[in-house]
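Peer 1: mind looking at a prediction? Sequence and model below.
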Amino acid sequence: MALKIHKIKYIYEIASVIVGTTILMLNFFFIAETLPFMAPIMNVLGGLIAVVPPTWVFYSRYKRNKQIEQQFVIFIRELTDSINSGMTLPTALEHCSKKDYMALSPLINDMVAQVQWGVPFRKALKIFSGKTKSTPIKRAITTIVETYKVGGKVSDTLKAVGDSLIEIGKIKEERTASVHSQIITSYLIYFVFIFILVILQTFLIPALAMPEIQGGEAGAQSPISSDSFINFIMVQGFFAGLVTGKMAEGSIVAGFKHSILLITTGYTLFSFASQFQIRLF
């Protein structure tokens, strides 16, 4: 049943990409020619439909992994307290499985069920770490397994692992707080860049437009195409978003949400502003 739901979810994502791409193609071949003022709106709409759902899937997966890592620290701490209170390891696992650890709870319940059915604790831990798909958790589980293998005191190892994970979490939080001003600066630089392009497109480009004669009628030929500015905006927004996500959360995947926000906002502002061209001379 879960596999079926998983496939249906990806069908919806593929369908959103197809719909968004179709809107962009229709806009490029038909709407832009007949209704030019609608072209920016259709481009934004088609781009969002094509990009946002797949990006949301990747980002949701990333947030789920972050939540699992955070809850794993709490689970280790409470498991250590249960063992120190006199419970055996299977009893402590079963006791902790009754608590809510959000996205981590189903994985803990699976591990407890395996231990109850006679699966060795070390093997159950390895299966658990593989399901989490988290590098810090895999490293912590490896340490616990090795200690359990040589006959060390599990509670002491669990406490040491929990303390190390807490310190890692604090370091990440401090890094996020320290780069907060840099993130704001990155956004400001991008919007100043958009403002400069809007000024160029609205005031300077019309002033530099070279007159030409076509069919006996006077016209104007712009030395720079607005498409070039749009390409600049998209490239700048995409990479600025990735860098912002990497600085803020330490993951390029987290930067996609910033990229979408920057590109959408920048393209919308520039597209509507470029509809108005003012000659100063």
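Peer 2: Everything's here; your move. Numbering: from 1, shown residues only.

Peer 1: backbone torsions only: list them for K99.
Peer 2: For K99, the backbone dihedrals (degrees, to the nearest 10) come out as phi -90, psi 160.

Peer 1: tell me who's in contact with it.
Peer 2: Contacts for K99 (C-beta atoms under 8 Å, 6 or more residues apart in numbering) come out as E78, S105. C-beta here means a position set from N, CA and C on the backbone, and glycine is covered the same way.

Peer 1: check which residues of stretch 231-250 are buried.
Peer 2: Taking 16 or more other C-beta atoms under 10 Å as the basis for neighbour counts, the residues of stretch 231-250 that come out buried are 233-234, 236-238, 240-249.

Peer 1: what's the closest non-adjacent residue to I168?
Peer 2: By the measure of C-beta to C-beta, 6 or more residues apart in numbering, the closest residue to I168 outside its immediate chain neighbours is P136, 6.5 Å from it.

Peer 1: the one you found: neighbour count?
Peer 2: Using other C-beta atoms under 10 Å, the number of residues around P136 comes to 18.

Peer 1: state the helix or strand in which it lies.
Peer 2: Assignment of secondary structure by DSSP states H and E places P136 within helix 135-150.

Peer 1: give me the contact list for that helix.
Peer 2: Applying C-beta under 8 Å, 6+ apart, the external contacts of helix 135-150 come out as 68-69, 72, 76, 121-122, 125-126, 128-130, 132, 153-154, 157-158, 160-161, 164-165, 168.

Peer 1: just the buried members of those?
Peer 2: 68-69, 72, 76, 121, 125, 128-129, 132, 154, 157-158, 160-161, 164-165.

Peer 1: returning to that earlier point: nearest to T176 among the buried residues of stretch 231-250?
Peer 2: A248 (5.9 Å; C-beta to C-beta).

Peer 1: that closest one contacts S178, doesn't it?
Peer 2: No: in this structure, A248 sits apart from S178 without contact. The criterion is C-beta atoms under 8 Å, and the distance is 10.4 Å.

Peer 1: what about the stretch 51-200 of the chain, any weak spots by pLDDT?
Peer 2: Within the stretch 51-200 of the chain, the stretches falling below the threshold (pLDDT under 70) are 151-152.

Peer 1: residue ranges for the helices of it, please.
Peer 2: 89-97, 105-116, 121-132, 135-150, 154-178, 180-199 (DSSP state H, counting those that start in this stretch).

Peer 1: including distance to F256, could those go into JSON lines?
Peer 2: As requested, the helices of the stretch 51-200 of the chain are exported to JSON lines (distance: least, C-beta to C-beta, whole Å):
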{"stretch": "helix 89-97", "distance to F256": "34"}
{"stretch": "helix 105-116", "distance to F256": "26"}
{"stretch": "helix 121-132", "distance to F256": "22"}
{"stretch": "helix 135-150", "distance to F256": "20"}
{"stretch": "helix 154-178", "distance to F256": "17"}
{"stretch": "helix 180-199", "distance to F256": "15"}
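
Peer 1: picking up where we left off before, looking at the buried ones among the contacts of helix 135-150, which one is closest to L188?
Peer 2: E69 (31.6 Å).

Peer 1: quick one: the closest one from M25, how far?
Peer 2: 41 Å (C-beta to C-beta, to the nearest Å).

Peer 1: among the buried residues of stretch 231-250, which ones are in strands?
Peer 2: With DSSP state E as the criterion, strands contain none of the buried residues of stretch 231-250.

Peer 1: with adjacent residues omitted, what lies nearest to K172?
Peer 2: K172 sits nearest to G250 (C-beta to C-beta, 6+ apart), 6.6 Å away.

Peer 1: so for the one you found, what's the pLDDT?
Peer 2: Listed pLDDT for G250 reads 73.

Peer 1: any idea how far the residue nearest to S129 when sequence neighbours are not counted lies from F75?
Peer 2: Distance criterion C-beta to C-beta, 6+ apart; nearest residue to S129, sequence neighbours excluded, is I141 at 3.8 Å. I141 sits 12 Å away from F75, taking C-beta to C-beta as the criterion.

Peer 1: again with L200
Peer 2: To F75, L200 is 56 Å away according to C-beta to C-beta.
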